[in-house]
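Enquirer: Give me coordinates for this.
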Amino acid sequence: MDFINHFKILINVEYDTTLRNCRYIVVLILVLLAGVHPNTTAANQARKKQRTKATVKIPTVSFCDLTDHPERYLNRVVRVRASYIAWWESSYLYSDSCRDDYHKIHDAPACENPSDDECRKRADKIWSALSPKMRADKNNFAQRVSAVFVGRLKGPGAFGHLGAFRYEFRIMRVEKAELIPESAPWR
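Expert: This is a model prediction of the structure:
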């Protein structure tokens, strides 16, 4: 009898130890998996936080406010909804809410050296975002599109064709482009 009881105790101790080790291994695997999961790593959380902060920090201003009070926005990165018009001689941003010569701003890619490869790539990216939504006038003289731009206001100075614009909006990116309805007048 003693031998059988001793054997039962030995089996239970071994079984308990093995079960306990298995539990430790399972817990360890779960902890490791949770630590390397792409959505929970510290680096990914930091990147996500940075993207959120970057989006939140860029103020959105109305185009008319930008043109009425340019001194408030000079050299600051802002987000603005505007219409973009381009033709063989020039291009500029405007809004139907304040559409006179005073409220037009020349546009350009956000770079200091226009012949730089990075500048050309940025200009191509901007144009690629705008061109699918461009609508030409009936004579194919000019094209226009409505978009949300992020960029930096520069000036005062003489910008664009023959220095016709006092300010220039250096476009960093296009967040959204939309067709202007065909029924919208070309003034």
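Enquirer: So, low pLDDT: which residues of this structure?
Expert: Scanning the chain for pLDDT under 70 picks out 1-56, 114, 187.
Enquirer: pull the CA atoms of the lengthiest strand in the chain into PDB?
Expert: Ranked by residue count and defined by DSSP state E, the top strand of the chain is strand 142-154. These are the backbone C-alpha positions of strand 142-154, laid out as PDB (Å, rounded to 0.1, in the frame of the first residue of the first chain):
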ATOM      1  CA  ALA A 142      -8.000  77.400 -68.600                       C
ATOM      2  CA  GLN A 143      -8.600  74.600 -66.100                       C
ATOM      3  CA  ARG A 144      -9.800  74.800 -62.600                       C
ATOM      4  CA  VAL A 145     -10.400  72.500 -59.600                       C
ATOM      5  CA  SER A 146     -11.500  72.900 -55.900                       C
ATOM      6  CA  ALA A 147      -9.100  71.500 -53.300                       C
ATOM      7  CA  VAL A 148      -7.900  71.500 -49.700                       C
ATOM      8  CA  PHE A 149      -4.300  72.600 -49.700                       C
ATOM      9  CA  VAL A 150      -1.700  72.600 -47.000                       C
ATOM     10  CA  GLY A 151       1.100  75.100 -47.400                       C
ATOM     11  CA  ARG A 152       2.800  78.200 -46.300                       C
ATOM     12  CA  LEU A 153       2.000  81.800 -47.300                       C
ATOM     13  CA  LYS A 154       4.900  84.000 -48.500                       C
END
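Enquirer: quick one: the helices in this protein?
Expert: Listed in chain order, the helices of the chain (DSSP state H) span 2-36, 42-57, 63-68, 117-130.
Enquirer: Just give the closest residue to G151, not the sequence neighbours.
Expert: I171 (4.4 Å; CB to CB, 6 or more residues apart in numbering). Any C-beta I mention is one placed from the backbone N, CA and C, and that applies to glycine too.
Enquirer: Could you count how many residues lie near that neighbour?
Expert: Residues lying near I171 (other CB atoms under 10 Å) number 25.
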